[in-house]
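Novice: mind folding the following:
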Amino acid sequence: VQLVESGGGLVQPGGSLRLSCAASGFTFSSYNMKWYRQAPGKEREFVAVISSINGVTMYRDSVKGRFTISRDNAKNLVYLQMNSLKPEDTAVYFCNAIRPYGGDEYWGQGTQGTVSS
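Specialist: Numbers count the residues shown, from 1 in each chain. Next comes the predicted model:
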């Protein structure tokens, strides 16, 4: 099983980043896919989720209207489009896969996103 994130980098406030997570080794379409993030000195926090069944999405309040999660089940990819970025969005972003009703759960290694002028 592998989850490999990419797309992180350095961007100015107000800019955009598009994160990708490539999945392999499990039945991608059967898993809810999530993004989490962890800022320096802080606990890992939930960012967004997209369901396996019908693509329903949910976001943490601070990113609503700015971030969009999507998935491509044919390519085993999940994305996080991040717009209007703020310095407080700076974190390592992690991809997570979990079965809808619990059980198997997988994590990627993370990708750094830095928002700074």
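
Novice: please make it C-alpha for all contacts and neighbour counts, starting now.
Specialist: Fine.

Novice: could you report the neighbour count for Pro87?
Specialist: Using other CA atoms under 10 Å, the number of residues around Pro87 comes to 15.

Novice: what sits against Leu19?
Specialist: Glu5, Ser6, Gly7, Gly8, Tyr79, Leu80, Gln81, Met82 (CA atoms under 8 Å, 6 or more residues apart in numbering).

Novice: in strands, which of those residues fall?
Specialist: Judged by DSSP state E, the contacts of Leu19 include Glu5, Ser6, Tyr79, Leu80, Gln81, Met82 as members of strands.

Novice: tell me the pLDDT at Tyr101?
Specialist: Tyr101 carries a pLDDT value of 87.

Novice: any idea how far Ser52 is from it?
Specialist: Tyr101 is 11 Å from Ser52, where distance means CA to CA, to the nearest Å.

Novice: just to revisit the earlier point, nearest to Trp107, of the contacts of Leu19?
Specialist: Glu5 (9.8 Å; CA to CA).

Novice: report the beta-bridge partners for the closest one.
Specialist: Cys21 (DSSP bridges).

Novice: my read is that it contacts Ser20, right?
Specialist: Yes - counting by CA atoms under 8 Å, Ser20 is a contact partner of Glu5 at 5.5 Å.

Novice: could you report the neighbour count for the nearest residue to Tyr106 once chain neighbours are set aside?
Specialist: Residue nearest to Tyr106 in three dimensions, not counting chain neighbours: Ala97, with 5.1 Å by CA to CA, 6 or more residues apart in numbering. The number of residues packed near Ala97 is 23, by other CA under 10 Å.

Novice: ok, Ala97 - contacts?
Specialist: By CA under 8 Å, 6+ apart, the neighbours of Ala97 are Tyr31, Asn32, Met33, Lys34, Glu105, Tyr106, Trp107.

Novice: let me know the secondary structure of the fourth one.
Specialist: Put plainly, it is Lys34. Put simply, Lys34 is strand when judged by DSSP: H, G, I helix; E, B strand; the rest coil.
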